[in-house]
Every structure is written in C-alpha cells, then in structure tokens.
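Asker: following is a predicted model, sequence given first.
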There are 2 protein chains.
Amino acid sequence: MVTEESRTGDRYHHGNLRAALLDSALEVLTESGVAGFSMREAARRAGVSQSAPKHHFGDTGGLLGALATRAYRQLCERLEAVELSGRDVRERVAALALEYVAFARDNRALFDLMWRMTQFDYNDPELAEQKHRALGALDRVLRGTDAAQTAEGAALVQSYAVWSLVHGYTTLALEGAIDEEAADPLTSDLLPAMLRLVDVHPRDRR
Amino acid sequence: MVTEESRTGDRYHHGNLRAALLDSALEVLTESGVAGFSMREAARRAGVSQSAPKHHFGDTGGLLGALATRAYRQLCERLEAVELSGRDVRERVAALALEYVAFARDNRALFDLMWRMTQFDYNDPELAEQKHRALGALDRVLRGTDAAQTAEGAALVQSYAVWSLVHGYTTLALEGAIDEEAADPLTSDLLPAMLRLVDVHPRDRR
DNA sequence: CGGATGATCTACTCACTGTCAAGATGCAGG
DNA sequence: CCTGCATCTTGACAGTGAGTAGATCATCCG
C-alpha cells in the first residue's frame, strides 16, 4: 500500500516526509475513519514528531486535503481507464458507474473524506479541478456517440443526472440505507437496473 | 428554534434536561458542523455540567444519534405532508424531491449528520426504522396510480433510482460540486430536468 | 574551504475535548 | 421520617490540534 517506502535511517531530516506522511495518514484514515482521524497518530507512524506535519501541510485540513486531492486523481484515472470499454453509450455509462462504486467500496474512508472537505475549510484549486475532472469522463461518454444530436444543455443535465444517481446510490449503499445486497453493491444488479431507467440519449432510443 | 424552553430556575435538577440538551446540541451542530461539534459546549449552553449528558445519552454518539433520529422523523413528516400534492405521479415525485432538497438546505449540518451515523457506532433500531420510513412516501407515490401495472421489483428499483438521484444531487450540490445555481439548489430547474430523464412509470408513458 | 542562510524537524506548552469515578442533591414511595 | 434511586456536579485523566522557540542539517556563496 505504501507507494514509496521512506527508507530513512535515523537521520534528523527524514528526506521524504511529505510522501511518508501521506501514506501513514491514509493508513490511519482507513483504520479509524474521518471522525477518528488523528494527525498525531499519522506523525507517530511516520516515526516523526507531532508537529512535523505542520511545515508540510499546515493543519489537519491541509493534510486531509492533500490526501483527498490524491484520491480524486486516482478516481479520475480509474474512470478514464474504463471510459472506452463497452460497445454503446449505455454499456460505457454502466462501466463508469460500476468503477465509481468499486472505487468507493475499495476506499471507503477516503471516499467519505473526498465529499467532506468543505468541513475542513480546505479549498485548494487543484482539488476543485480534480473534482470537476471526475465529471469529464462521463461527459465525454454521453456526448461521444451522438454529439451532434444532443444539445449542449441537455448533455449537461444527463451528466449530472447519471452522476447524481450513481453518487447517491454509492453513499446510500455504503451507509447501509439500501438493504438489497448491502454486503457488496457490485454484485447486485440494482445499479444497472436503475441506470436503465435513465434516458441516456433520447434520440437513439430503440 | 428552541422547541420547549427549559424554564429551569437554578434548581439542582434541571427537570427537562434531555429536551434542553437536544436543543442546545442542535444549536452547536448548526453553528459548528459535525466535525466541530462539542458535547461539552452543548452542555455549557444548556447551563449544565460537562458530564450531565452522560446519564441521558451515554456518549457523544448517543446524543448525536438522538438528534439524527429526531431529524429523520421531521424529514419523514415533511415528505408525507407533500405526498399527495400534484396531479400525476411525475408532479408528486418532483414535489417530494424538492421537499427533500429543501429540508437538506434548511438543515445542512443536521442532514450531514443523518448520513454519517455509522461513523459514531450508533445503531438505534428506531433510527433505522425512520431511515426506512423515508422511502415510504416515495414508494407509495410511485405505486399509487398504476399499482396494478407495475411489478413489485420494478417499483422498488424505481424508488431507489429516484431516491439515489435526489440524494446524490442534494449532497453534491451542498458540497459545491455542482456549480449550476449552487447558491440555491431550489430555484434551479436542474433537479426537475433530471427527474424528467427517469422513466418513472413506463406503462403510462405519453 | 568555511561560514551563513534557510528548510526541516524536535521539544515544550496551551486550551480543549470525551470519558470516567466518586460524591452531592433532591424526589418519591415505604 | 427516611431510604432508595434518578439526576446532576466535581475532579481527574489521557488524548487532540495548534502555536512558539530552538536544534539540526543541506546547500550555496564568498
């Protein structure tokens, strides 16, 4: 899980503290969740003093913000990787949706954090950019096949609709609000079934 | 905002502490959000010692859980109040959706809390029941007009789809992820437009 | 080569939090 | 009256985020 092991002997200067802190922070976040997160604990696991993170991240919000930004980037990459799978628009949208849910399931605490950054007064322009980028893949898929046939505004509404549905399902499922197959939202056919109800490209309707 | 003013003189026994604590806790939660919530502060505002809440709520999770349960009840009542408005299914669903968003906007911190209770190890059966009840109104509306024509499973999928979409839109909008009319999601036509994309009752399609 | 500068990290402190144990208070029923 | 019990207070402890001052070290410049 650790991207680049710290490999610091016992030198005074860690050398790679920022990356090491991000790793240990992710570990703590995964174990204890957003509510139970502790910056001191993250520092402790990185083998460094309690106030070492300050220089790199400022405060807790800064550390979690950096973590969230990295997570957004990973999510975007995963979405863009499956963007071209499937034969038609519906299959591609479904693939994106399942990848979205899979990411959330594999990184629960991280996914929680990503949509809670306003609580930490952290507004990094890059985080906002990545958040926006997340919609990009979906947007491209929806416009892809029948770009000429779909009006600009309509495509945006479609994107937001699909995103809202998938995001809502994901959060509700992870919270345990949807009892069907709560164990693993991926194996359930619920999400594809819901997506079939959405008019993804009216012009191409069979 | 206070539902039943405490009206305690300076007696040793407050007399109505549970209700007073719920009120002051709601106040603190509204001001500081879930992350910045403090049980001590809530007790302070109720004019009572720091460990007085313990006897009534146990720990912080218990206090927030009681608050969330009350909030779920209020949400359900608001939803059930508009359940019968509108002429057809589409209008009723839209009314429910707007009421859902309105509740979230009017009670931001509370709405945040409602979907974060798993973080506090609080699993009250009544909370789960109210959470389930929230889907009831929507379910009734969807089955209402053409109950005979809609299969059991299909109706459930419709309910979850609408709920997921509305819930997703609400959380995304409150988080600032949807930039359209972010100021007030209610005045935007985005939500109704998205709902129009959902096949709410296929048999009745015009 | 050596000293100075700035980045990085530590040690210490402070106010605050949640939670617990022990005791004070007062209501209600015997 | 007085006794049991729910209620509330006091005091304490460990843990947290955050700030300040100082230690350590790499690097650059003379």
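Answerer: That came through fine.

Asker: show me where chain A has its helices.
Answerer: A:17-32, A:39-45, A:52-57, A:60-82, A:89-106, A:108-114, A:125-144, A:152-175, A:190-196 (DSSP state H).

Asker: could those helices go into TSV alongside distance to DNA strand C, mean pLDDT and mean neighbour count?
Answerer: Quick note: C-beta positions are derived from backbone N, CA and C, even for glycine. Output for the helices of chain A, formatted as TSV (distance: least, Cβ to the nearest atom of the strand, whole Å; pLDDT from 0 to 100; neighbours: other Cβ atoms under 10 Å in any protein chain shown):
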stretch	distance to DNA strand C	mean pLDDT	mean neighbour count
helix A:17-32	4	97	20
helix A:39-45	7	98	19
helix A:52-57	3	96	17
helix A:60-82	13	96	19
helix A:89-106	27	95	19
helix A:108-114	19	96	21
helix A:125-144	19	89	18
helix A:152-175	21	92	22
helix A:190-196	35	94	19
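
Asker: export those to a markdown table and tack on distance to DNA strand D?
Answerer: Listed next are these as a markdown table, based on distance: least, Cβ to the nearest atom of the strand, whole Å:
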| stretch | distance to DNA strand D |
| --- | --- |
| helix A:17-32 | 9 |
| helix A:39-45 | 4 |
| helix A:52-57 | 6 |
| helix A:60-82 | 4 |
| helix A:89-106 | 24 |
| helix A:108-114 | 13 |
| helix A:125-144 | 17 |
| helix A:152-175 | 23 |
| helix A:190-196 | 35 |
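
Asker: to B:Gly176, which of these lies closest?
Answerer: helix A:125-144 (8.4 Å; Cβ to Cβ).

Asker: quick one on the thing from earlier: make TSV out of the helices of chain A and add distance to B:Phe57.
Answerer: Shown next, in TSV, are the helices of chain A (distance: least, Cβ to Cβ, whole Å):
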stretch	distance to B:Phe57
helix A:17-32	22
helix A:39-45	27
helix A:52-57	34
helix A:60-82	26
helix A:89-106	31
helix A:108-114	24
helix A:125-144	35
helix A:152-175	22
helix A:190-196	35
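
Asker: dump those into TSV; add distance to chain B as well.
Answerer: TSV is the format used below for those (distance: least, Cβ to the nearest Cβ, whole Å):
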stretch	distance to chain B
helix A:17-32	10
helix A:39-45	13
helix A:52-57	17
helix A:60-82	9
helix A:89-106	11
helix A:108-114	8
helix A:125-144	6
helix A:152-175	3
helix A:190-196	4
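
Asker: and chain A, what are its domains?
Answerer: A:1-58, A:73-196 (automatic domain parsing).

Asker: take these and lay them out in TSV including distance to B:His55.
Answerer: Converted to TSV, those look like this (distance: least, Cβ to Cβ, whole Å):
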stretch	distance to B:His55
domain A:1-58	23
domain A:73-196	29
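
Asker: quick check: phi and psi on A:Thr187?
Answerer: phi -70, psi -20 (degrees, to the nearest 10).

Asker: and it, how far from A:His132?
Answerer: Using Cβ to Cβ, to the nearest Å, A:Thr187 is found at 31 Å from A:His132.

Asker: same check on A:Ala177?
Answerer: 27 Å.

Asker: what do you get for A:Arg87?
Answerer: From A:Arg87 to A:His132 the distance is 28 Å (Cβ to Cβ).

Asker: got a list of what A:Val166 touches?
Answerer: A:Leu96, A:Ala97, A:Tyr100, A:Val101, A:Leu191, A:Leu195, B:Ser164, B:Gly168 (Cβ atoms under 8 Å, 6 or more residues apart in numbering or on different chains).

Asker: about what we covered before: and of the helices of chain A, who's closest to B:Ala46?
Answerer: helix A:60-82 (28.4 Å).
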